[in-house]
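*Asks:* heads up, no residue letters with this:
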Ligand code: CMP
């Protein structure tokens, strides 16, 4: 069961999404109730481009990076929703989404 902050984050994310904003409040409540918290480590890949997928994510804390065809597309932060396209269009995952991590390389 979520706390009220999680419900608010999920509800707001759904309402902001172009494809999901037309859902009614009962549908939003249903989707929110079906979501559960997961913790992912920095650098971990959550979604891989080309895979089949049926899970959508809302960021409660932290950042992810979207990479398409090995090119960085954008960073998404708390409150953002991702992973909706494969579900809505019954297509393969359109991009890779990984947990943001900063990597520093030593100057030689
Ligand atoms: P999906 O295709 O299911 O899995 C990868 C997700 O990355 C996709 O859903 C979107 O949520 C997100 N995504 C794909 N392309 C972009 C983009 N150009 N900008 C922002 N998010 C994207």
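*Replies:* Structure received. Remember, predicted model here, so these are calculated numbers, not experimental data.
*Asks:* and the most centrally placed residue in the chain, how far is that from the ligand?
*Replies:* The structure's the chain has its C-alpha centroid closest to residue 82; by C-alpha atoms, centre = their mean the separation is 3.1 Å. Plainly put, residue 82 is 4 Å away from the ligand if you go by C-beta to the nearest ligand atom, to the nearest Å. All C-beta spots, glycine's among them, are computed from the backbone N, C-alpha and C.
*Asks:* what's across from that residue in the sheet?
*Replies:* Counting by DSSP bridges, residue 82 is bridged to residue 57.
*Asks:* pretty sure it sits against residue 64.
*Replies:* Yes: at 6.8 Å, residue 82 counts as touching residue 64 under the criterion of C-beta atoms under 8 Å.
*Asks:* contacting residues around the strand or helix carrying residue 6?
*Replies:* Using DSSP states H and E, the element containing residue 6 is helix 4-16. Applying C-beta atoms under 8 Å, 6 or more residues apart in numbering, the external contacts of helix 4-16 come out as 2, 20-21, 23, 28, 31-32, 35, 37, 58, 60, 78-81.
*Asks:* what parts of this structure come near the ligand?
*Replies:* 47, 53, 66, 68, 73-74, 82-86, 93-95, 97 (C-beta under 6 Å from any ligand atom).
*Asks:* any low-confidence regions in the protein?
*Replies:* Applying pLDDT under 70 to the chain picks out residues 1.
*Asks:* mind jotting down where the helices sit in it?
*Replies:* With DSSP state H, the ranges of helices along the chain come out as 4-16, 25-34, 85-89.
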